[in-house]
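S.K.: Below are the sequence and a predicted model for it; my questions follow.
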Amino acid sequence: MQFYDMYKLNFPSYQIPIKNKENKMLVFDSIRKKWVSLIPEEWVRVNCIQFLINEKKIPKSLISVEKEFKLNNLKKRFDIVVYNKNGKVHVLVECKAPTVKIKQAVFNQISKYNLVLKSKYLMITNGINHYFFIMNFKTQRIEFLKELPSYGL
């Protein structure tokens, strides 16, 4: 059984390069332009990136993956950020492995990250369940969306 059969995700099917090198499965991250260990969360991340590019029409050049930032003097890493044309964070995505249930702690995590990153849109996914929000900065609350709008809308 193939890795991608074990973790069938709720994304369209994409042609994502996978290889075995020295008995280690690797997947190609088209944003970082490198091969990374094929672990469940990474499988979700690379599929989510393809979803953003292919379904939401986000230019690759505006996507950043696994970058460090500071939150209360602690080093944190976001999974995926989409910038707008002005260089401000437009979409913040938190990815979890397919076996991880999306609980309140994950909503708390992305909310804390967004205190620093100040993204208009938020997405949480474990590859199976996807949650989309828009941030209302006036009320400091998130509002659920049925889907993430396509880029530029």
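M.R.: Sure thing, it's come through. Numbering: from 1, shown residues only.

S.K.: From one end of stretch 82-90 to the other, what's the distance?
M.R.: 5 Å (Cα to Cα, to the nearest Å).

S.K.: what's next to it, contact-wise?
M.R.: 52, 58, 62-64, 81, 91, 93, 117-121, 151 (Cβ atoms under 8 Å, 6 or more residues apart in numbering). Where you see a C-beta, it was placed from the backbone N, CA and C, and this is true even at glycine.

S.K.: Just the buried ones from the residues you listed?
M.R.: Buried members of those, counted by 16 or more other Cβ atoms under 10 Å: 52, 58, 62-63, 81, 91, 93, 117, 119-121, 151.

S.K.: Give me the subset of those residues that lies in strands.
M.R.: Assigned to strands by DSSP state E, the following of those qualify: 63, 81, 91, 93, 121.

S.K.: show me what contacts the first one?
M.R.: In other words, I63. Per Cβ under 8 Å, 6+ apart, neighbours of I63: 31, 49, 52-53, 80-83.

S.K.: how near is it to I16?
M.R.: 15 Å (Cβ to Cβ, to the nearest Å).

S.K.: Next, the contact list for the residue of the chain most remote from its centre, please.
M.R.: Most distant from the centre of the chain: E22, at 28.1 Å, with distances by Cα atoms, centre = their mean. Under the criterion of Cβ under 8 Å, 6+ apart, E22 has no neighbours.
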